[in-house]
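Peer 1: No sequence on hand, only this structure:
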Ligand SMILES: Cc1cc2nc3c(=O)[nH]c(=O)nc-3n(C[C@H](O)[C@H](O)[C@H](O)COP(=O)(O)OP(=O)(O)OC[C@H]3O[C@@H](n4cnc5c(N)ncnc54)[C@H](O)[C@@H]3O)c2cc1C
Ligand SMILES: Nc1ncnc2c1ncn2[C@@H]1O[C@H](COP(=O)(O)O)[C@@H](O)[C@H]1O
């Protein structure tokens, strides 16, 4: 009966972010938040593991004051409880700070057999938090996992590293980061959404985690963020007759010296 | 603090990193060393510009199990900079070493420089939508994607210090088995001059034959989106293009049935000409393209192959 913890990040949906053409700054005023894409796979995997083995799934997140909005979403995906830390420290947090905060929350709030993360977060995609978390907690990390099974206290995971795979077996507890191909996250049903409202969520105050100033001081400082602009010709052929479109495209490619 | 150090479990990538390491050596005035698990490469590293080579020798062949040993070594050396080859194994190790030493780590840096007594890097965020410039005070760790730099060339007659450090990396309770070697199939799309990208607009594997026919007609290699390789397994992993896959710098990139999410486009946007075929006129791929056809790839691809063959 494994006790599983899933760490998820509440991120801006990059599809809604616009680039201001003048100074290339980012405009996220219309952007909505979402659970980081691959964390949905981590949540789904936790649910699949307990559906076959019983056990429990908790969720944990560290975010800004906006992170409260995520609680219903995450609970409707199956976890029985969520712990959340909402603090302005998140705005400047790098992977060093994030892993320190998550590790402190885990030490304070529970013991787990398995801690699941996504392969990388959709916004910063630093792919650091899972292995850092394992190192801080002094437990094994198995990263880039495409298959997990649990046998008593043994965790058996298949990693995918480019086109190479390997099977890693450890005695839990351990931190695992999952690849998106591990499963297809379910869309929460209406019943699950309704049930989510009744599930417990617990706010954890950053101040209660007894972290030193040093551990909350980011090691990497953002100097600037600039949108990436593409200058393309954007010529579109959209006649109903595809033979015409193709002829025009071939003529254009010939002009470019491509055929 | 002293020393710039390089680590990769892949010696070819370690030599690429020497190119950055040697540039930092000039600006920082510090020596460059390579930490390696491959003793047979020791002289090649010295020839390529390393001042020192440290060979870590443990019992366990799993590269990830060297994280503790690398951390111990760096801490003894009081290293200022660690550059790590950004393979998945490298990123795993780098993050653990950074956590043990409580150090800042930048993943997948596009550029690495020495500015204001610290390391300044650029990297992509939001899937490739934006570039973030970051400052890391020393000691600073950075992972650099494979093939970002060319290998540092070998020079005749270089001398350097080579030493072996025996380490205990028998991580208790971890066992690794069924390690499958990397099998490379076909050409390397990252250096191909023409690439056709296939996406979820294809409804079954057999239909990729249409893309192959066009590829033959124009002399292109086939690449794909992540889902085609990792979910559907229609093509091998090294064929997928994007932020977490290959980067393509082609003369011509033609996307068929690809929506053009930024995580994919980031891998092709350095190409000279981009062409897109998609049924959805609003698909973001058209904003990233020079030429586009709004249409069904099942109709357009055969017509296009035929038209090009006729030319
Ligand atoms: C952190 C992170 C990293 C990622 N890294 C990568 C990466 O490295 N590489 C990558 O590719 N993706 C990556 N992704 C996934 C990426 O966001 C997209 O989901 C993916 O690229 C979409 O693949 P697709 O275009 O094949 O499929 P879809 O988005 O489903 O698009 C299919 C397209 O086909 C069109 N279509 C359907 N039928 C036809 C037809 N008959 N004829 C013509 N067109 C048709 C549709 O209109 C649609 O535009 C990443 C995601 C995240 C969150
Ligand atoms: N602020 C956060 N709160 C909870 N989990 C996080 C947070 N940031 C990262 N993670 C977890 O760590 C994984 C890797 O994130 P990253 O290192 O940012 O790529 C994510 O997929 C999450 O599972």
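Peer 2: Nice, I can see it. Here the structure is a predicted model, which is why all the values come from computation and not from measurement. Ligands and ions are numbered 1, 2, ... in the order given.
Peer 1: what are the phi and psi values for residue B:106?
Peer 2: The phi and psi values for residue B:106, taken as degrees, to the nearest 10, are phi -110, psi 130.
Peer 1: That one is in contact with residue B:121, isn't it?
Peer 2: Yes: using Cβ atoms under 8 Å, residue B:106 is in contact with residue B:121, at 4.5 Å. C-betas here are computed from N, CA, C, even on glycine.
Peer 1: Which one's more surrounded, those two?
Peer 2: residue B:106 (29 against 24; other Cβ atoms under 10 Å in any protein chain shown).
Peer 1: Quick check: neighbours shared by residue B:106 and residue B:121?
Peer 2: Shared contacts of residue B:106 and residue B:121 (Cβ atoms under 8 Å, 6 or more residues apart in numbering or on different chains): B:134, B:136, B:142.
Peer 1: What sits closest to the residue in the stretch 151-300 of chain B positioned nearest to ligand 2 if chain neighbours are left out?
Peer 2: Per Cβ to the nearest ligand atom, residue B:244 is where the stretch 151-300 of chain B lies closest to ligand 2, at 10.8 Å. For residue B:244, ignoring the flanking residues on the chain, the nearest one in space by Cβ to Cβ, 6 or more residues apart in numbering or on different chains is residue B:226 at 6.7 Å.
Peer 1: Could you do residue B:151 as well?
Peer 2: Residue B:151 sits nearest to residue B:15 (Cβ to Cβ, 6+ apart), 4.0 Å away.
Peer 1: show me the contacts for the residue of the stretch 51-200 of chain A at minimum distance from ligand 2.
Peer 2: Per Cβ to the nearest ligand atom, residue A:118 is where the stretch 51-200 of chain A lies closest to ligand 2, at 2.6 Å. By Cβ under 8 Å, 6+ apart, the contact list for residue A:118 reads A:8, A:9, A:36, A:37, A:38, A:39, A:41, A:42, A:177, A:178.
Peer 1: Now rank those residues by neighbours and give me the top one.
Peer 2: Within the contacts of residue A:118, neighbour counts (other Cβ under 10 Å) peak at residue A:42, which reaches 31 neighbours.
Peer 1: so how far is the first residue of stretch A:107-126 from its last?
Peer 2: One end of stretch A:107-126 sits 23 Å from the other (Cα to Cα, to the nearest Å).
Peer 1: tell me the mean pLDDT over it?
Peer 2: Computed over stretch A:107-126, the mean pLDDT rounds to 95.
Peer 1: Pull out the buried positions in that stretch.
Peer 2: Applying a neighbour-count criterion of 16 or more other Cβ atoms under 10 Å in any protein chain shown, the buried positions in stretch A:107-126 are A:109, A:112-126.
Peer 1: Sort out which one of these lies nearest residue B:230 for me.
Peer 2: Within the buried residues of stretch A:107-126, the smallest distance to residue B:230 is 10.7 Å, found for residue A:119 (Cβ to Cβ).
Peer 1: In the sheet, which residues pair with the closest residue to residue B:62 other than its chain neighbours? Tell me.
Peer 2: The shortest distance from residue B:62 to any non-neighbouring residue, by Cβ to Cβ, 6+ apart, is to residue B:176 (4.9 Å). Beta-bridge partners recorded for residue B:176 (DSSP bridges): residue A:168.
Peer 1: and residue B:176, how many residues sit next to it?
Peer 2: Residue B:176 has 18 neighbours, counted by other Cβ under 10 Å.
Peer 1: Does it touch residue A:164 like I think?
Peer 2: No: Residue B:176 lies out of contact with residue A:164 (Cβ under 8 Å); the separation is 11.7 Å.
Peer 1: per-residue confidence at residue 228?
Peer 2: As the question left the chain open, I've gone with chain A. On the pLDDT scale, residue A:228 is placed at 95.
Peer 1: switch to chain B, that's the one I care about
Peer 2: Model confidence at residue B:228, given as pLDDT, is 98.
Peer 1: for the one 3 residues further on, same thing?
Peer 2: As predicted, residue B:231 sits at a pLDDT of 94.
Peer 1: Return the list of helices and strands in contact with the helix-or-strand element of chain B with minimal mean pLDDT.
Peer 2: Lowest on mean pLDDT, DSSP states H and E among the helices and strands of chain B sits strand B:174-177, with a mean of 93. Helices and strands touching strand B:174-177, as assessed by 3 or more Cβ pairs under 8 Å, 6 or more residues apart in numbering or on different chains; DSSP states H and E, comprise strand A:164-171.
Peer 1: Name the nearest residue to residue A:170, ignoring sequence neighbours.
Peer 2: Excluding its sequence neighbours, the residue lying closest to residue A:170 (Cβ to Cβ, 6+ apart) is residue A:140, at 4.5 Å.
Peer 1: circling back to that earlier point, could you pull up the residues touching the residue nearest to residue B:62?
Peer 2: So residue B:176 contacts A:166, A:167, A:168, A:169, B:62 (Cβ under 8 Å, 6+ apart).
Peer 1: Could you do residue A:217 as well?
Peer 2: Counting by Cβ under 8 Å, 6+ apart, residue A:217 touches residue A:97.
Peer 1: what's around residue 196, how many residues?
Peer 2: Using chain A. Counted by other Cβ under 10 Å, the residues lying close to residue A:196 total 20.
Peer 1: Hmm, no, I was thinking of chain B.
Peer 2: Residue B:196: 27 neighbours (other Cβ under 10 Å).
Peer 1: For residue B:123, which three-state class applies?
Peer 2: Three-state call for residue B:123 (DSSP: H, G, I helix; E, B strand; the rest coil): strand.
Peer 1: shaky segments in chain A?
Peer 2: Filtered on pLDDT under 70, chain A yields no residues whatsoever.
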